[in-house]
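> generate a structure from the sequence data that follows.
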Amino acid sequence: MARKILIVDDSPISRKMLRSCFPKEIEFDFHEAGDGLAGFELYKQISPDITFMDLTMPVMDGTEALAEIRKYNPSAMVIVATADVQIKSITKVMDLGAFMVLKKPPSKDSVRDALAQAEAKIG
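Numbering: from 1, shown residues only. Below you'll find the predicted structure:
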């Protein structure tokens, strides 16, 4: 079961909103970063089961961070959580190895569904 979760988003409110959508009956170990570079560095330290990645961030954006994470660990489970749902953006992150794209703002159902799909993939 995926318990260690990394949330990379420059907005503390967005990180809090995403955390609040996780099922309460399961205990998760949450880790957070406020930009893509900090997220990549934290990823290397903690090896999360699933990473939720925003796209628009300072220092290193989510697309670059996703590429670095996938270079570091080709089997990394990264779910892009973004308000940018343009086909071009979605295609780019999927080509870089994102598992899926979750539209912001997230809902409890969309997060539960994303977790279930990720769990099935992880095994």
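> is D84 in a helix, a strand, or coil?
coil (DSSP: H, G, I helix; E, B strand; the rest coil).
> I'd say it and M57 touch.
No - using CB atoms under 8 Å, D84 makes no contact with M57, being 11.7 Å away. Backbone N, C-alpha and C define where each C-beta goes, glycine included.
> pick out whichever of these two has more residues nearby.
It is M57, of D84 and M57, that has more neighbours when counted by other CB atoms under 10 Å, with 23 against 16.
> doesn't V8 make contact with the more buried one?
Yes - using CB under 8 Å, M57 makes contact with V8 at a distance of 7.3 Å.
> where do the contact lists of the two overlap?
Counting by CB atoms under 8 Å, 6 or more residues apart in numbering, the residues touching both M57 and V8 are G34, D35, G36, A65.
> got a list of what the second one touches?
Okay, so that is D35. Taking CB under 8 Å, 6+ apart, we find D35 in contact with V8, D10, M57, P58, V59, M60.
> narrow those residues to those in strands?
V8 (DSSP state E).
> ok, D29 - contacts?
Counted by CB under 8 Å, 6+ apart, D29 has contacts R3, K4, I5.
> for V78, that is, sorry about that
I50, T51, F52, M53, L66, I69, R70, G97, A98, F99.
> helix or strand for the nearest residue to it once chain neighbours are set aside, just tell me which one.
In this structure, V78 finds its nearest non-sequential neighbour in T51, 4.7 Å apart by CB to CB, 6 or more residues apart in numbering. Using DSSP states H and E, T51 sits within strand 50-53.
> what's next to the next helix or strand after that strand, contact-wise?
Using DSSP H and E, the helix or strand that follows strand 50-53 in sequence is helix 62-72. Residues outside helix 62-72 that contact it (CB under 8 Å, 6+ apart) are 8, 36-37, 39-40, 43-44, 51, 53-57, 60, 76, 78, 80, 82, 92-93, 96-98.
> now the buried members of those.
8, 36-37, 39-40, 43, 51, 53-55, 57, 60, 76, 78, 80, 82, 92-93, 96-98 (16 or more other CB atoms under 10 Å).
> report the contact partners of the spatially most central residue of the chain.
Central residue of the chain (CA atoms, centre = their mean): F52, 1.1 Å from the mean position. Neighbouring residues of F52 by CB under 8 Å, 6+ apart: I5, L6, I7, V8, D9, L18, V78, I79, V80, A81, L102.
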